[in-house]
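*Asks:* the sequence and its predicted three-dimensional model are supplied below.
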Amino acid sequence: MKRLYRSNENKVFAGVFGGLGEYFNVDPVMLRLAFVFLVIVTAFIPGVLAYLAAIFIVPARPGSGQF
């Protein structure tokens, strides 16, 4: 069964979009660009809160040493 983890290799800040890209087999850069657009459109706060929540909800890959 496929599991969603934060990426260790493809990360800019916390690896959330890198992990989503690996999970859905899409380019994480496209996910990041879509997120930036969404944050701008929704007046910044909801997108930032969602990203911060994802950092704590999506687990790090086992053996990575991240929180």
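*Replies:* On my side now, so go ahead.
*Asks:* with adjacent residues omitted, what lies nearest to the residue nearest the centre of the chain?
*Replies:* Centroid-nearest residue in the chain: Val16, 1.9 Å away (criterion: CA atoms, centre = their mean). Nearest residue to Val16, sequence neighbours excluded (CB to CB, 6 or more residues apart in numbering): Ala54, at 4.8 Å. Yep, even glycine has a C-beta here, placed from its N, CA and C like the rest.
*Asks:* and the helix or strand that Val39 is a member of, what's its mean pLDDT?
*Replies:* Val39 is part of helix 28-41, with elements assigned from DSSP states H and E. Per-region confidence: helix 28-41 scores 93 on mean pLDDT.
*Asks:* just the CA atoms of that helix, as PDB, please.
*Replies:* The C-alpha trace of helix 28-41 is given here as PDB (Å, rounded to 0.1, in the frame of the first residue of the first chain):
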ATOM      1  CA  PRO A  28       6.500  19.000  -7.200                       C
ATOM      2  CA  VAL A  29       7.400  22.400  -8.900                       C
ATOM      3  CA  MET A  30       3.900  22.400 -10.400                       C
ATOM      4  CA  LEU A  31       2.400  21.700  -7.000                       C
ATOM      5  CA  ARG A  32       4.400  24.500  -5.500                       C
ATOM      6  CA  LEU A  33       3.400  27.000  -8.200                       C
ATOM      7  CA  ALA A  34      -0.300  26.000  -7.800                       C
ATOM      8  CA  PHE A  35       0.000  26.500  -4.000                       C
ATOM      9  CA  VAL A  36       1.600  30.000  -4.400                       C
ATOM     10  CA  PHE A  37      -1.200  30.900  -6.700                       C
ATOM     11  CA  LEU A  38      -3.800  29.600  -4.300                       C
ATOM     12  CA  VAL A  39      -2.200  31.500  -1.400                       C
ATOM     13  CA  ILE A  40      -2.300  34.700  -3.300                       C
ATOM     14  CA  VAL A  41      -5.900  34.200  -4.300                       C
END
